[in-house]
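**Student:** Build me a model:
(one chain, ligands or ions: 1)
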Amino acid sequence: MKGFFKSSIGKKLIMSVTGCFLILFLTFHMCMNFVAVISAEGYNKVCEFLGTNWYALVGTAILALGFVFHIVYATILTIQNRKARGNDRYDDQNLPAGVEWSSKNMFILGAIVLLGLGLHFCQFWAKMMFAELAGCEDAVPAGFATEGWTNAATDGAAWIKYYFSNWVIVLIYLVWFAALWLHLNHGFWSMFQTVGFSNDKWLPRLKTISTVYTTILMLGFAAVVIAGFIQGSGC
Ligand code: HEM
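**Tutor:** Residues are numbered from 1 along each chain as shown. Purely as a prediction, here's the structure:
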């Protein structure tokens with residue numbers, strides 16, 4: 001067992017399985033957030049449901065934990081590998097010269113993703129889930145609250161309008177999504193390759209599926225940001 005965790009394939013497998021959590025979490029999160037583009041009240045109802053339903057909380061926590069494990073493990077592996085032999089990611093992997101830019105830069109892309117996530121947590125998670133759990137709710141800034149809605153911790157639509165009314169935040173989020181797109185795009189097909197589900201015929205197909213899937217995911221998130229900007233800034 002110890003040998004498995006030390007082997008290159010073992011490490012990649014752990015990265016792949018935990019990366020799967022990341023993809024699942026993002027799929028769920030994007031679908032949930034997209035509701036805000038259609039209806040502010042509908043979105044708040046989803047936030048309210050997720051904030052008070054223990055099954056949803058536990059489900060989110062498990063996905064988020066897999067996600068965090070993926071990030072922490074990637075950091076440990078990269079530090080170990082860099083110490084051992086320069087910039088290579090995995091012990092026995094020699095990447096060919098023409099390999100994609102995103103493949104060589106998974107760690108730096110991951111770091112940008114992490115920085116964006118830190119900002120995102122301070123903005124949304126702290127004002128909503130954390131505020132609700134800790135019982136220290138902040139009022140939504142004047143002019144942004146959803147009509148008829150009194151609970152700021154579940155007024156996600158208002159927080160979206162408030163934060164994305166600022167074009168600098170919009171720009172930061174779009175850069176964050178671009179980094180996430182590059183990171184996921186590589187990670188998605190490489191995950192299948194790691195578990196052995198890939199050959200000359202399937203690799204190009206998996207790459208296409210991966211590009212299409214991650215593009216839909218990121219466009220969905222970007223649509224929420226743009227809609228928030230339009231609604232929040234009154235454009
Ligand atoms: C348009 C973009 C996004 C919006 C509007 C958004 C909105 C939110 C909101 C409202 C919450 C708090 C949910 C609650 O308390 O019920 C949240 C939490 C969270 N977000 Fe996002 N999010 C976006 C993109 C992302 C992306 C791209 C990631 C990951 C890279 C992400 C990761 C998380 C995580 C891990 C949490 C904490 C767990 C949870 O509450 O579900 N979010 N987000």
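**Student:** so what's the closest residue to S210 other than its chain neighbours up against?
**Tutor:** Leaving aside its chain neighbours, S210 sits nearest to F188 (3.7 Å; criterion: C-beta to C-beta, 6 or more residues apart in numbering). (Each C-beta comes from the backbone N, C-alpha and C, glycine too.) Counting by C-beta atoms under 8 Å, 6 or more residues apart in numbering, F188 touches G19, I23, L206, I209, S210, Y213, T214.
**Student:** Against S16, how distant is the second one?
**Tutor:** Using C-beta to C-beta, to the nearest Å, one obtains 10 Å as the distance from I23 to S16.
**Student:** Among the contacts of F188, which has the minimum pLDDT value?
**Tutor:** Looking at pLDDT alone, those dip lowest at G19, where the score is 81.
**Student:** ok, it - contacts?
**Tutor:** Applying C-beta under 8 Å, 6+ apart to G19 gives the contacts H70, G187, F188, M191.
**Student:** which SSE is the second one in?
**Tutor:** Applying DSSP states H and E as the criterion places G187 in helix 167-194.
**Student:** Figure out how far the helix or strand following that helix is from the centre of its chain.
**Tutor:** Beyond helix 167-194 in the direction of the C-terminus, DSSP H and E gives the next helix or strand as helix 202-233. Mean C-alpha position of helix 202-233 versus that of the full chain (C-alpha atoms, centre = their mean, to the nearest Å) differs by 12 Å.
**Student:** Model confidence for W101, exactly?
**Tutor:** At W101, the model reports a pLDDT of 66.
**Student:** my bad, M129
**Tutor:** 81.
**Student:** Briefly note if whichever strand or helix holds K11 comes near the ligand.
**Tutor:** Counting by DSSP H and E, the element that carries K11 is helix 8-38. Yes: judged by C-beta under 6 Å from any ligand atom, helix 8-38 comes into contact with the ligand through L26, H29, N33.
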